[in-house]
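Novice: here are the coordinates; sequence isn't available:
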């Protein structure tokens, strides 16, 4: 893990300056098109990759505070995610694999959409070429996912500073898909939530319901029930921290050319010695459309109902 400390990356404050300043945490977002449609795209800064350029750590490794990119706000259904297949990895509306229409997560009784803020840690990657010993399945080829359990409802594109509490070992349709349990450091409970056992003390029932959500949330679309490693029990902070270090290492191998990137876009502005590093005046950045936010499209009527899963 020593290499993590030796990564020479542009600091967060420098990145924010590069991104020309911002909303909540120093980075503008550039929205193109209408939310809930196939043409919705949200870029970060002018222009940086939320996958590769936003640092994993808010300050450094020692204080245990991470940067989370919020993709999906709590109680919403639209499946927004960092898009690996587009240059500079904007957030886009995920599409269904069969019809290529906008994807929405159904309301699984008694939930309304996602029951927490959902997103990912930048500069992490679940390597699909590696089988995880504790799950027996390959990584899902995405940044490692985060469920943020604080009280504040986030917004798509927000960068939250979060602390790590534990992790669920979801096996989603045959792939390892870790779900880190984290909390915004500004949340009133952040000081008393320090490990996974503290969650049940202060938010009773949340972890049990989270496990059930991940098991069944794809069943209304006809997919099989998911499984969760360790008999549905989330693992503690120490276990989760090792996963973060590991997936950060895998990410670095991706952006330094050691691992095959396949269809993943690895262009970045900040990773030292990366063969994919580009300059701020690159044609790739110049080709990005200007800010052009359009009103959200009408949500499907199906999102006014609950799905009941036995």
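Specialist: Happy to help now that I have it. Small disclaimer: the values here were computed from a predicted structure and weren't measured.
Novice: longest helix anywhere in this structure?
Specialist: helix 237-255 (DSSP state H).
Novice: give the buried residues for it.
Specialist: Of the residues in helix 237-255, 237, 240-241, 243-244, 246-255 count as buried by neighbour count, 16 or more other Cβ atoms under 10 Å. The C-beta positions use only the backbone N, C-alpha and C, and glycine is treated the same way.
Novice: what's the mean pLDDT across stretch 31-51?
Specialist: Across stretch 31-51, pLDDT averages out at 96.
Novice: what comes up buried for it?
Specialist: Judged by neighbour count (16+ other Cβ under 10 Å), stretch 31-51 contains these buried residues: 31-36, 40-51.
Novice: how far does it stretch from start to finish?
Specialist: 17 Å (Cα to Cα, to the nearest Å).
Novice: what is the distance between that stretch and the centre of its chain?
Specialist: Distance, stretch centre to chain centre, for stretch 31-51: 15 Å (Cα atoms, centre = their mean, to the nearest Å).
Novice: now stretch 151-160
Specialist: The chain centroid and the centroid of stretch 151-160 are separated by 12 Å, computed with Cα atoms, centre = their mean.
Novice: got it, and stretch 265-272?
Specialist: Averaging C-alpha positions (Cα atoms, centre = their mean) puts stretch 265-272 18 Å from its chain's average.
Novice: what residues of it count as buried?
Specialist: Across stretch 265-272, burial judged by 16+ other Cβ under 10 Å covers 265-271.
Novice: quote the end-to-end distance of it.
Specialist: End-to-end distance of stretch 265-272 (Cα to Cα): 17 Å.
Novice: do the same with stretch 46-60
Specialist: One end of stretch 46-60 to the other measures 24 Å (Cα to Cα).
Novice: closest one to residue 212 out of the buried residues of helix 237-255, please.
Specialist: Using Cβ to Cβ, residue 240 comes nearest to residue 212 of the buried residues of helix 237-255, at 20.2 Å.
Novice: tell me the contacts of that closest one?
Specialist: 164-167, 180-181, 196 (Cβ atoms under 8 Å, 6 or more residues apart in numbering).
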